[in-house]
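K.L.:
Predicted coordinates and the sequence they were generated for:
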Amino acid sequence: MNILIIGGGGREHALAWKLAKSDRVRKIYVAPGNGGTASGSLIIENIDLNKTDELISFAKKIISVLLLLVPKSLYQKVLLMIFRKIT
């Protein structure tokens, strides 16, 4: 399974780190991530995507996606509503 985590804070870092321990996870993408997000794991990758259309396009390219979004800002709440409509 591929996972897309949207955010760059400590919560997203903790989610990526814990999910990376699962045998079922093939790749974890964190957008935009932070300096520590991808350190120490070969399957976690930060991706420099901040625009809504870029995130949607990227998510559609990944075959199996679990989207994790911790909506703490208005932008993230709107993004979550958009993702719900396209899936």
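P.N.:
Ah, there it is. Numbering: from 1, shown residues only.

K.L.:
Pull out the buried residues from the host helix or strand of residue 53.
P.N.:
Secondary structure assignment for residue 53, by DSSP states H and E: helix 52-61. Residues of helix 52-61 classed as buried: 55, 59 (neighbour count, 16 or more other C-beta atoms under 10 Å). Glycine gets a C-beta too; all of them are placed from N, C-alpha and C.

K.L.:
repeat for stretch 38-50
P.N.:
So for stretch 38-50, counting by 16+ other C-beta under 10 Å, buried means 38, 43-44, 46, 49.

K.L.:
Go ahead and confirm residue 1 touches residue 29.
P.N.:
No. The pair residue 1 / residue 29 is not scored as a contact, 11.8 Å apart, by C-beta atoms under 8 Å.

K.L.:
circling back: in terms of secondary structure, what does the helix holding residue 53 contact?
P.N.:
Applying 3 or more C-beta pairs under 8 Å, 6 or more residues apart in numbering; DSSP states H and E, one finds that helix 52-61 contacts strand 2-7, strand 27-32, helix 74-86.

K.L.:
right, and the ones you listed - which one's nearest residue 62?
P.N.:
Taking C-beta to C-beta, strand 2-7 is the member of these nearest to residue 62, at 4.5 Å.

K.L.:
Would you mind identifying the next helix or strand past that closest one?
P.N.:
Downstream of strand 2-7, the next assigned helix or strand under DSSP H and E is helix 10-19.

K.L.:
Give me the mean pLDDT for that following helix.
P.N.:
Per-residue pLDDT over helix 10-19 has a mean of 88.

K.L.:
Report the residue spans of the chain with pLDDT below the cut-off.
P.N.:
63-72, 74-75, 78, 85-87 (pLDDT under 70).

K.L.:
neighbour count winner among residue 1 and residue 29?
P.N.:
More crowded of residue 1 and residue 29, by other C-beta atoms under 10 Å: residue 29, with 23 against 14.

K.L.:
where's that one relative to residue 46, distance?
P.N.:
Separation of residue 29 from residue 46 (C-beta to C-beta, to the nearest Å) stands at 8 Å.

K.L.:
The helix or strand harbouring residue 45 pairs with which strands, and in what direction?
P.N.:
If you go by DSSP H and E, residue 45 is part of strand 44-46. If you go by DSSP bridges, strand 44-46 pairs up with strand 27-32 (parallel).
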